[in-house]
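Undergrad: Quick one, what's the 3D model for this:
(chains A and B)
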Amino acid sequence: MRKIITIHSPAVLVANANIDTDQIIPARFLKTTSREGFGRKLFYDWRYGADGGLVPDNVIDSQLYGPDSLQRCSILVAGDNFGCGSSREHAAWAIADAGFMAVVSSSFADIFRNNALNNALLPVQVSAGFLAALMSAIKADPELPVDIDLPAQTISAEGAGTEVFRINGYKKECLMKGYSDIDYLLAHKDRILEYEGKHAVPSGAKI
Amino acid sequence: MKRTLFDKIWDAHRVMEIPEGPDVLYIDRHLIHEVTSPQAFNALRDKGMKVFRPERTFATCDHNTPTLHQERPIEDPASAEAVAALARNTADNGIRYFPLGDPGNGIVHVMGPEQGIILCGQTVVCGDSHTATHGAFGNIAFGIGTSEVEMVFATQCLMQAKPRQARITVDGRLRHGVTPKDVILYIISRLGTGGCTGCFVEYSGEVFRDMSMEGRMTVCNMSIEMGAKGGMVAPDETTFRYIAGRRFAPSGEEFDRCVEKWRQLYTDDDAVFDKEYRFDAADIPPMITYGTNPGMGMPVDAAIPDTAVGCDSASFDKALAYMGFRKGQRLQGFHIDYVFLGSCTNGRIEDFRAFAAAVRGRRKADGVTVWLVPGSKQVERMIEEEGIGDILREAGFELRQPGCSACLAMNADKIPEGKYAVSTSNRNFEGRQGYGARTILAGPVVAAEAAVTGCISMPSACLSS
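TA: Numbers count the residues shown, from 1 in each chain, chains lettered A, B, ... in the order given. Purely as a prediction, here's the structure:
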């Protein structure tokens, strides 16, 4: 997995609360058995009309790309309760594949948060007050750089100030070193076998 | 130390604790379907590994499957390949698979309990947010992402931070015509669509004690719609009776031994929850939603409010604009285009009984398209065995074949742009039931009333009581 240490970038702002994973990636794009290429489908119905044509000045493309069509943002700033609804990891894949390294909100749905962490996409949970100030600052200056420092656990932007965010120590180390949970679990297989030995299959099902 | 039901199950499944990190939890039951498993199988194959404990995983196809002509090949090539990949992957790894048309096939959260795969006091996961359903049996059941599906395949374990805990108590008796769906829509409308984020919920009180297993599953299923990690009901005689005799459940003396253990699955008196909510059953009316998240709910006969819990005013206005509604508007008498009965929320036999009882002797309204989709092959069989199919056909309805169907419209069952659907499913998100589709969530009785009147109507059972 990629490593995350610091991020310095302008941000794409999607201010609505309760953005669900059906908005992030509609279900009709989940039929593929691969995990590649979902970035092009990110927020699809916000970007493309019923005829499949790109909606001019849509909220995503107008912010994500500069005048030279090059991507300018690797931070997504979103309203409260981001990523609610379906467990589809395709939502985290789409955001990461579109080039984002962090999502900032005042809260994240639990499954989305885990999915993000498992894809080296940093969920930065900030206070409602800081989020409101950050959103105002970005609206006033869409080029405003936002700084995220994972070792220091801080996020800062001019006009919004600096806030310390929380992340558990284990997950922080995983992100900074590019480790994944599955490697950790596989390295502790002996403990899993020990557990199975002690707990004589409490489920009791006929299999 | 006083412990909650959740604490007891969590502690019994903790393999190890990681300093400053999550716990490693052992997983008893892993359910899989064709949408969220293929990438996990691919990753496992890339590592040169096989599924570690295949006997603990059970597979069904449900999301991509058609609800007409299931005996024919699936028309959409991408859907066909997703289902074919599941067949290959389960065969390669020795996982039991209930393919399309199999008597055990159905929506993963309907067929799992029906087959006796889901017991009590277990950890149950699935790459599907409605896994919360299985908390109805007193389990820690929650949805996971595909990376986590891969972890369970590889190690039968997951790394999880212990969530906070909430208890929702509803005492009293429900009014006539009020269903479990109304109960959970009411609760979500009061707490908001993110009201229980970070929490695992235990439902307690007379209302849940009096509920059937089907009703408890409907309630627990929608725990995720208020952000909860999952929801659970302590097991009791109703639970044990449901499990007894099912195909994969223990039997004979082994079953009796299990029941003895399961009787210990309750929250100790004086155990402390992080949050406590109480509601009175008598206050709960038949409910509908008017917006684009499940927290935007109201009584069938109410006017659309000015605000919703956990929804800022811009998001609220955007939702009403999408729905084509305005603040203060009453929806009773509002004409709708589609009715959908089904899904892992309301696709069980009890839902079809309730729908049939409400439409018996009446006629389907002209101009309304009605999709009645059983949650599983077993529900489909019971519908005919109990004579429900005849009642429905006499009233002008047709039954379709089992699957997730219009709940998320991955197959051909899509609500057209701009059309209104009264749906017994779980999500009214923008575009969820089809591009531009407008979803009004409701229980099976309100859906039945809409199917015979063509508009949002108060159930006749409520008017007469």
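Undergrad: Tell me the secondary structure of the residue in chain A that chain B sits nearest to, please.
TA: Across chain A, no residue is closer to chain B than A:Tyr170, which sits at 2.7 Å (C-beta to the nearest C-beta). Any C-beta I mention is one placed from the backbone N, CA and C, and that applies to glycine too. Three-state call for A:Tyr170 (DSSP: H, G, I helix; E, B strand; the rest coil): helix.
Undergrad: I'd like to know how many residues surround it.
TA: 18 (other C-beta atoms under 10 Å in any protein chain shown).
Undergrad: Does it touch B:Pro22 like I think?
TA: Yes. Under the criterion of C-beta atoms under 8 Å, A:Tyr170 lies in contact with B:Pro22, with a separation of 6.8 Å.
Undergrad: any bit of the longest helix belonging to chain A sitting next to chain B?
TA: In chain A, taking DSSP state H as the definition, the longest helix is helix A:128-140. No. Against chain B, helix A:128-140 shows no contacts by C-beta under 8 Å from any C-beta of the partner chain, the least distance being 10.1 Å.
Undergrad: in the lowest-mean-pLDDT helix or strand in chain A, what's buried?
TA: Least confident helix or strand of chain A, by mean pLDDT, DSSP states H and E, is helix A:61-64 with a mean of 89. By neighbour count with 16 or more other C-beta atoms under 10 Å in any protein chain shown, helix A:61-64 contains the buried residues A:Asp61, A:Gln63, A:Leu64.
Undergrad: Make JSON lines from those and add distance to chain B to it.
TA: Formatted as JSON lines, the buried residues of helix A:61-64 follow (distance: C-beta to the nearest C-beta, whole Å):
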{"residue": "A:Asp61", "distance to chain B": "18"}
{"residue": "A:Gln63", "distance to chain B": "17"}
{"residue": "A:Leu64", "distance to chain B": "20"}
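Undergrad: hmm, back to that, which SS class is the closest residue to the residue of chain A closest to chain B other than its chain neighbours?
TA: By the measure of C-beta to C-beta, 6 or more residues apart in numbering or on different chains, the closest residue to A:Tyr170 outside its immediate chain neighbours is B:Gly21, 2.7 Å from it. Put simply, B:Gly21 is coil when judged by three-state DSSP.
Undergrad: Would you agree B:Gly21 is in contact with A:Asn168?
TA: Yes. Here B:Gly21 lies in contact with A:Asn168, judged by C-beta under 8 Å, at a distance of 5.6 Å.
Undergrad: And those two? Which one has more around it.
TA: Neighbours were counted for B:Gly21 and for A:Asn168 using other C-beta under 10 Å; B:Gly21 has more, 18 against 14.
Undergrad: Can you list phi and psi of the more buried one for me?
TA: Note on B:Gly21: its backbone torsions stand at phi -140, psi -170 [degrees, to the nearest 10].
Undergrad: quick check: domain ranges of chain A?
TA: A:6-167, A:169-199 (automatic domain parsing).
Undergrad: Burial-wise, tell me which of those comes out on top.
TA: Ranked by mean neighbour count, the domains of chain A are led by domain A:6-167 with a mean of 20 (mean count of other C-beta atoms under 10 Å in any protein chain shown).
Undergrad: Now do that one: distance from first to last residue.
TA: The first residue of domain A:6-167 is 15 Å away from its last residue (C-alpha to C-alpha, to the nearest Å).
Undergrad: if we can go back for a sec, tell me, what's touching B:Gly21 and A:Asn168 both at once?
TA: B:Ala161 (C-beta atoms under 8 Å, 6 or more residues apart in numbering or on different chains).
Undergrad: what secondary structure does B:Asp317 sit in?
TA: Going by three-state DSSP: B:Asp317 is helix.
Undergrad: Give me the spatial nearest neighbour of the residue in the stretch 151-300 of chain B that chain A sits nearest to, chain neighbours excluded.
TA: With C-beta to the nearest C-beta, the shortest gap between the stretch 151-300 of chain B and chain A falls at B:Gly194, namely 3.4 Å. In space, and not counting its chain neighbours, B:Gly194 is closest to A:Asn81: 3.4 Å by C-beta to C-beta, 6+ apart.
Undergrad: Tell me how far that neighbour lies from B:Gly112.
TA: 28 Å (C-beta to C-beta, to the nearest Å).
Undergrad: go on, B:Val83?
TA: The value you get for B:Val83 to B:Gly112, if C-beta to C-beta is used, is 18 Å.
Undergrad: what's the answer for B:Ile349, then?
TA: 15 Å.
Undergrad: between those two, who's got more neighbours?
TA: Just comparing B:Ile349 and B:Gly112: by other C-beta under 10 Å the higher neighbour count belongs to B:Gly112, 28 against 23.
Undergrad: Would you confirm that that one contacts B:Leu31?
TA: Yes. Counting by C-beta under 8 Å, B:Leu31 is a contact partner of B:Gly112 at 5.4 Å.
Undergrad: centre of the chain versus the least confident helix or strand of chain A, how much separation?
TA: How far helix A:61-64 lies from its chain's middle: 17 Å, per C-alpha atoms, centre = their mean, to the nearest Å.
Undergrad: Run me through the strand neighbours of the next helix or strand after that helix, direction for each.
TA: As assigned by DSSP states H and E, the chain's next helix or strand after helix A:61-64 is strand A:75-78. Strands that pair with strand A:75-78, judged by DSSP bridges, come out as strand A:11-14 (parallel), strand A:102-105 (parallel).
Undergrad: could I get those as JSON lines with mean pLDDT and distance to B:Cys462?
TA: Output for the strands paired with strand A:75-78, formatted as JSON lines (pLDDT from 0 to 100; distance: least, C-beta to C-beta, whole Å):
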{"stretch": "strand A:11-14", "mean pLDDT": "96", "distance to B:Cys462": "40"}
{"stretch": "strand A:102-105", "mean pLDDT": "98", "distance to B:Cys462": "40"}
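Undergrad: With distance to A:Glu143 added, can I get these in TSV?
TA: Below are the strands paired with strand A:75-78 laid out as TSV (distance: least, C-beta to C-beta, whole Å):
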stretch	distance to A:Glu143
strand A:11-14	10
strand A:102-105	17
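Undergrad: Could you pull up the contacting residues of the closest residue to B:Met159 other than its chain neighbours?
TA: Spatial nearest neighbour of B:Met159, excluding adjacent residues (C-beta to C-beta, 6+ apart): B:Pro22 at 4.4 Å. When contacts are counted by C-beta under 8 Å, 6+ apart, B:Pro22 is found next to A:Asn168, A:Tyr170, A:Lys171, B:Met159, B:Gln160, B:Ala161, B:Lys162.
Undergrad: now the fifth one: how far from A:Glu89?
TA: The one in question is B:Gln160. Counting by C-beta to C-beta - B:Gln160 and A:Glu89 are separated by 16 Å.
Undergrad: Then the second one?
TA: With distances defined as C-beta to C-beta, the gap from A:Tyr170 to A:Glu89 amounts to 20 Å.
Undergrad: okay, and for chain B, where does confidence drop off?
TA: Scanning chain B for pLDDT under 70 picks out the ranges B:464-465.
Undergrad: Also chain A?
TA: For chain A, the stretches with pLDDT under 70 are A:200-207.
Undergrad: tell me how far the ends of stretch B:417-424 are from each other?
TA: End-to-end distance (C-alpha to C-alpha), stretch B:417-424: 19 Å.
Undergrad: is chain A contacted by that stretch?
TA: Yes. Stretch B:417-424 reaches chain A (C-beta under 8 Å from any C-beta) through B:Glu417.
Undergrad: Contacts for that stretch next, please.
TA: By C-beta under 8 Å, 6+ apart, the residues outside stretch B:417-424 that reach it are A:50, B:181, B:288, B:324, B:334-343, B:345-347, B:351, B:406-407, B:415, B:433-444, B:446-447, B:450-451, B:456.
Undergrad: Just the buried ones from these?
TA: Buried among the contacts of stretch B:417-424 by 16+ other C-beta under 10 Å: B:181, B:288, B:334, B:336-343, B:345-347, B:351, B:406-407, B:415, B:433-444, B:446-447, B:450-451, B:456.
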